[in-house]
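Colleague: My questions concern the predicted model and sequence given below.
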Amino acid sequence: MASIATSSSTSSPATADLCDDFVTSPTRLSVAGSGDFRDYGGIKKFHGQIETVRCFESNPLVRKTLQEPGNGRVLVVDGGASTRVAILGDMLAKFAQDNGWKGIIVNGCIRDSKVISELSVGVKARGTHPLKSAKTHMGERGIVVAFGGLEFVPGHWLYADEDGIVISEEQLKLDSKL
């Protein structure tokens, strides 16, 4: 039986189960398959409230954000789908792990993928690139971003696993599955 959660859970529900229980509910869901993103982090199944950054080939705001307490959130970075540089590397992913971020979704590339795969944080990205990003402009934070057929709104909930990404306006809980 599905319900809106009233307390946080340490276990992330499977996206397939969320779709089964909530796709016809009044809680609006957005769903994307795994085709657009690959898993790179040591954690493959994660969820949390969304925080956003939009930047193009320059990542100082990503660094600044991940150096702050994550409080179980997921950082969604719209890097404009650039495949010319990496927006995230091992140092920033380590900040995420150490500061309580559950995961990072990158609309672009990452680097240091082997090291990132050993960290206790979820990371999904379009691909890898060895060249680090520029540090020339900050970008924007806390705005609605859209890519991969999804709209990422700060404060909404993101659920990710090997099957894809589900977004909900409210926190979801699968009573019978957790």
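Modeller: In hand now; what should we look at? Just so it is clear, the model here is predicted, and its values are computed rather than measured.
Colleague: Show the subsequent helix or strand relative to the helix or strand of the chain with the lowest mean pLDDT.
Modeller: The helix or strand of the chain with the poorest confidence is strand 2-4; it has a mean of 41 (mean pLDDT, DSSP states H and E). Going down the chain from strand 2-4, the next helix or strand is helix 15-22, by DSSP states H and E.
Colleague: helices or strands next to that next one in the packing?
Modeller: strand 29-33, strand 157-161, strand 164-168, strand 172-174 (3 or more C-beta pairs under 8 Å, 6 or more residues apart in numbering; DSSP states H and E). (Each C-beta comes from the backbone N, C-alpha and C, glycine too.)
Colleague: chain center to the following helix or strand past the first one: distance?
Modeller: Spelled out, it's strand 29-33. Later in the chain than strand 29-33, the nearest helix or strand by DSSP H and E is strand 38-39. Relative to its chain's centre, strand 38-39 lies at 11 Å (C-alpha atoms, centre = their mean, to the nearest Å).
Colleague: What mean pLDDT does the helix or strand following strand 38-39 get?
Modeller: As assigned by DSSP H and E, the chain's next helix or strand after strand 38-39 is strand 46-54. Average pLDDT, strand 46-54: 98.
Colleague: what pairs with strand 46-54, and is each one parallel or antiparallel?
Modeller: In the sheet, strand 46-54 lines up against strand 74-78 (parallel), strand 140-141 (antiparallel), strand 157-161 (antiparallel) (DSSP bridges).
Colleague: Using CSV, lay out these together with mean pLDDT and mean neighbour count.
Modeller: Putting these into CSV (pLDDT from 0 to 100; neighbours: other C-beta atoms under 10 Å) gives the following:
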stretch, mean pLDDT, mean neighbour count
strand 74-78, 98, 27
strand 140-141, 98, 14
strand 157-161, 95, 25
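Colleague: Let me know which of those strands is the nearest to residue 93.
Modeller: strand 74-78 (10.5 Å; C-beta to C-beta).
Colleague: tell me what whatever helix or strand comes next after that closest one is packed against?
Modeller: Remark: after strand 74-78, the chain's next helix or strand is strand 86-88, criterion DSSP H and E. On a contact count with 3+ C-beta pairs under 8 Å, 6+ apart, strand 86-88 meets strand 103-110, strand 122-128.
Colleague: Flag every buried residue along the helix or strand that strand 86-88 is followed by.
Modeller: The element immediately downstream of strand 86-88 (helix or strand, assigned by DSSP H and E) is helix 90-98. Under the neighbour-count criterion of 16 or more other C-beta atoms under 10 Å, helix 90-98 has 90, 92, 93, 94, 95, 96, 97 buried.
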